[in-house]
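>>> turn this into a structure:
(2 chains)
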Protein chains: 2
Amino acid sequence: MPAHLPDSEHPRIVIIGAGFGGLKLARSLARKPYQVVLLDKNNFHQFQPLFYQVATSGIAPSAIAFPVRKIFHRIPNVHFRMAEVKEVKTDEKQIVTDVGSIEYDFLVIATGADTNYFGNAQIEQNALPMKSVQESLALRNKVIEQIENALISNSAEERKERMTLVVVGGGPTGVEVSGALAEMKRFVLPKDYPELDFEEMDIHLLEASPQLLNGMSEQSSTAARKFLEGMSVKVETGAMVESYDGHTVKVKGGKEISSSTLIWAAGIRGNRLNGIPSDLYKGNGRLEVDDQLKVKGLKDVFAIGDISYMPDEAFPKGHPQVAQVAIQQGVWLAQALTSKGKPMKGFRYKDLGSMATIGRSRAVVDLPIFHFRGFFAWLFWLFVHLMNILGVKNRFFIFVDWMWYYIKFDQNLRLVIRTKDKSE
Amino acid sequence: MPAHLPDSEHPRIVIIGAGFGGLKLARSLARKPYQVVLLDKNNFHQFQPLFYQVATSGIAPSAIAFPVRKIFHRIPNVHFRMAEVKEVKTDEKQIVTDVGSIEYDFLVIATGADTNYFGNAQIEQNALPMKSVQESLALRNKVIEQIENALISNSAEERKERMTLVVVGGGPTGVEVSGALAEMKRFVLPKDYPELDFEEMDIHLLEASPQLLNGMSEQSSTAARKFLEGMSVKVETGAMVESYDGHTVKVKGGKEISSSTLIWAAGIRGNRLNGIPSDLYKGNGRLEVDDQLKVKGLKDVFAIGDISYMPDEAFPKGHPQVAQVAIQQGVWLAQALTSKGKPMKGFRYKDLGSMATIGRSRAVVDLPIFHFRGFFAWLFWLFVHLMNILGVKNRFFIFVDWMWYYIKFDQNLRLVIRTKDKSE
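The predicted structure is shown next:
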């Protein structure tokens, strides 16, 4: 079954994934002499940095999900297909999707990364990930339901288990979600549940390595821990989670925590594609690319963003898996593809800095030149994120949501909503 | 298993359902000498009149779903439980729910109504209802997916089937959703799908009776039809749908329409409860009540809103099943319950009028004194609906969504989002 794409005199570039990298590349190829086919299993681009706010009832999912088609209005050479890729046949330069097969002249793999449970099937089954809008919504539902259930517990132990939240992973996601949960506990939930005593509620943040926010500066790491502990998050570093059966978190060394909700933000791994030889996946499940972003061992196939692995002197373990790398690679690859044979200097990542927010009015920011933290860091965080959200209305709605919360200490999104589909 | 409710010296009123009626009653009983227990299977109140806008990507689901607990902050005598009622034991004055059993002194049934397929199991399986936020979201997903699928059709027939939408039921819901779909067809979809020819897209509105908007004035009915036909909706009255297998709609008399999407807004029936003798359900599956809103044949049990049936001289077939009746009954019942034995004049419904909107800038409004239609009717419709939405922020967001759409002919909500729950 063919995918019914229009004919074109230009070579066809197929991009798999409309995340930061794939989307940037497609936009940069607008009106260039290529037929661009952009594929994603969702019909929207997701703004990953704010998943944690969807999960903690801070903003609506639609505010951080932007319809891909809207981005390409009036761009005739970019064609979007909502499709799941079943297989890549690199010999035939063809990919097979659930909406038909597509031939390519150049293929760009921008499939990103998903949650890594490091092979622990029990944790995978019982823990909650947060790597998509859908998973973030499921987490929102779960947290609210556990508090509802706490009300009808038959014992103090049961209630305590339901009111205890454990976050695993002390990277930006784990730090930000712990901070947001601590604020819900302090400002929002006591008003909703006057029958419960929120002193009983514990929020644990467990990180296996010796410090939070690895990859950021020492000062930021220390400040983040201090901010979180000031909000009574129980931070433990050097704490490696060994098992979780849905009720008890077992930490290496013997410690156990009773909790019915475990949020897993402890690692990611590349989203693999059928048909790509598995020995091409290197460091942490990523595809090794040369400095032209070409996948080593394949012809006319590129990889950008979280799925690409390009160790060099500055980054011997490959680039950090963050939006900035993906965006810069998308821009670079568009230039390379349109350079008309002029040789390009290899891709170099320019680190613009990193940051994390910890609840209301606090953040840590590492810029290349200097580091800062506190209220101004938080304002800077707000500004950078707002400016990077797609869509004027989304930006405006998120701004109002944030200001509303800032002033009123409240949101209206504590809703347990599941879509009710009919089987087709 | 008990439901762990706090002790109280006051009699306990259990209200099943946080729709317009149940919510109004509970709010009106705030700080009165009763312990009020409000139950709903959702933790939010739904603003039903705008379901069609969620279904047509006009507003976000969270804008019309308001957390019940937030409404009862600082109201100590009202207790909410997110619970599904399994059985009512009227002899023991007890109800059994999935969160435990609850004794009552007075029971108020405010369960509302759900879609009525009139016993046609095939239609029930294949048609899409629109009686909850969840169902409206599922409809939004379905409509978008069908247009995506149209792109990859293997024949003109297949494409036509996927681009054809059939709405069954010419009441306010059917009229409003048809109008909104016609606008999507005209203003929004052609920009998203330049590869498709929207001349091929047909929107049918089928009504079994001889006219649209039964219950409204002749002028309004005629105007609504004219407005819809002006937007090229194919309106057919006297068209009774007999079957739908997911592909072909068969209408009585032999006509057939190929369509992969059938929206069923043709009727409702009361949401029944286990344990209530089935012979108490009268006109259209409703519980017959006396003019004190007491369910005939039961002791200390009341029914309000869409589930109650109170035929009188003015309404020999019972009241219309609309929000206004439920709200007035909630207010009346709160007064009756707090009248301290003073005899109350029976409930009388005061008809404040009815209205329906048909796309951008057009509506029909029937007030008791006069009827009007067109642009001012539309402004009036906007105003009345905005004022009745719960929550200042929701009101503001909906207002911005509407104005944005009015000015830009566009929304950002064409998202296919499904929650991704893990089985527990």
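
>>> which helix runs longest in chain A?
As assigned by DSSP state H, the longest helix anywhere in chain A is helix A:133-151.

>>> following it, which helix or strand shows up next?
helix A:156-163 (DSSP states H and E).

>>> check contacts around residue A:229.
Residue A:229 is in contact with residue A:235, counting by CB atoms under 8 Å, 6 or more residues apart in numbering or on different chains. Any C-beta I mention is one placed from the backbone N, CA and C, and that applies to glycine too.

>>> pull out the buried residues from the strand or helix carrying it.
Take DSSP H and E as the rule and residue A:229 turns out to sit in helix A:218-230. Residues of helix A:218-230 classed as buried: A:220, A:221, A:223, A:224, A:225, A:227, A:228 (neighbour count, 16 or more other CB atoms under 10 Å in any protein chain shown).

>>> next one, pLDDT for the fifth one please.
Per-residue confidence (pLDDT) for residue A:225: 97.

>>> so in terms of bridging, what pairs with residue A:40?
Counting by DSSP bridges, residue A:40 is bridged to residue A:82.

>>> mind checking how far residue A:271 is from residue A:54?
For residue A:271, the distance to residue A:54 equals 20 Å [CB to CB, to the nearest Å].

>>> can you pull up the most central residue in chain A?
residue A:48 (4.0 Å; CA atoms, centre = their mean).

>>> what residues are up against it?
Under the criterion of CB under 8 Å, 6+ apart, the neighbours of residue A:48 are A:19, A:20, A:131, A:323.

>>> wait, isn't residue A:271 in contact with residue A:115?
No. Counting by CB atoms under 8 Å, residue A:115 is not a contact partner of residue A:271; they are 10.4 Å apart.

>>> what stretches of the stretch 251-400 of chain A score poorly on pLDDT?
Scanning the stretch 251-400 of chain A for pLDDT under 70 picks out no residues.

>>> quick one: the strands in it?
A:256-258, A:261-264, A:268-270, A:281-282, A:286-288, A:301-303, A:308-309, A:354-357, A:363-366, A:371-374 (DSSP state E, counting those that start in this stretch).

>>> out of those, the one nearest residue B:402 is which?
strand A:354-357 (31.8 Å; CB to CB).

>>> measure the closest residue to residue A:271 other than its chain neighbours to residue A:268 for me?
Excluding its sequence neighbours, the residue lying closest to residue A:271 (CB to CB, 6 or more residues apart in numbering or on different chains) is residue A:111, at 4.0 Å. Here residue A:111 is placed at a distance of 12 Å from residue A:268 (CB to CB).

>>> neighbour count for the two, which is higher?
When neighbours are counted by other CB atoms under 10 Å in any protein chain shown, residue A:111 and residue A:268 differ, and residue A:111 comes out ahead with 27 against 21.

>>> that one: which element?
Assigned by DSSP H and E, residue A:111 falls within no helix or strand.

>>> enumerate every residue touching it.
A:16, A:17, A:85, A:270, A:271, A:272, A:273, A:307 are the contacts of residue A:111 under CB under 8 Å, 6+ apart.

>>> run a quick neighbour tally on the last one.
With neighbours defined by other CB under 10 Å, the count for residue A:307 comes to 28.

>>> these two touch, right, it and residue A:268?
No. Using CB under 8 Å, residue A:307 is not in contact with residue A:268; the gap is 10.2 Å.

>>> can you list the domains in chain A?
With domains defined by automatic domain parsing, chain A comprises A:12-115+A:269-337, A:121-266.

>>> want to try TSV for those, with distance to residue B:27 as columns?
As requested, the domains of chain A are exported to TSV (distance: least, CB to CB, whole Å):
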stretch	distance to residue B:27
domain A:12-115+A:269-337	23
domain A:121-266	16
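
>>> and residue A:35, backbone torsions?
phi -90, psi 120 (degrees, to the nearest 10).

>>> pLDDT value on the residue in the stretch 151-300 of chain A positioned nearest to chain B, please?
Residue of the stretch 151-300 of chain A nearest chain B, by CB to the nearest CB: residue A:192 (4.1 Å). In this model, residue A:192 is scored at 94, pLDDT.

>>> that one against residue B:73, yeah?
Yes. The pair residue A:192 / residue B:73 is scored as a contact, 7.3 Å apart, by CB under 8 Å.

>>> the more surrounded of the two?
Taking other CB under 10 Å, residue A:192 and residue B:73 do not tie; residue A:192 has more neighbours (22 against 11).

>>> skipping its backbone neighbours, what lies nearest that one in space?
Residue nearest to residue A:192 in three dimensions, not counting chain neighbours: residue B:69, with 4.1 Å by CB to CB, 6+ apart.

>>> got it, and residue A:146?
residue A:162 (4.7 Å).

>>> can you count the residues close to the one you found?
Neighbours around residue A:162, by other CB under 10 Å: 24.

>>> residue A:262 contacts residue A:129, correct?
No. At 10.2 Å, residue A:262 does not count as touching residue A:129 under the criterion of CB under 8 Å.

>>> what is in contact with these two at once?
Common neighbours of residue A:262 and residue A:129, using CB under 8 Å, 6+ apart, do not exist here.

>>> picking that back up, can you spell out which helices and strands pack onto the longest helix of chain A?
Taking 3 or more CB pairs under 8 Å, 6 or more residues apart in numbering or on different chains; DSSP states H and E as contact, the helices and strands that helix A:133-151 lies on are helix A:51-55, helix A:156-163, strand A:261-264, strand B:78-82.

>>> quick one: average pLDDT of that helix?
Helix A:133-151 carries an average pLDDT of 94.

>>> can you give me the angle it makes with strand B:78-82?
130 degrees (axes from the mean of the first three to the mean of the last three CA atoms, to 10 degrees).

>>> for the nearest residue to residue A:312 once chain neighbours are set aside, give me phi and psi.
Nearest residue to residue A:312, sequence neighbours excluded (CB to CB, 6+ apart): residue A:291, at 7.1 Å. The phi and psi torsions at residue A:291 (degrees, to the nearest 10) take the values phi -80, psi 0.

>>> thank you, goodbye.
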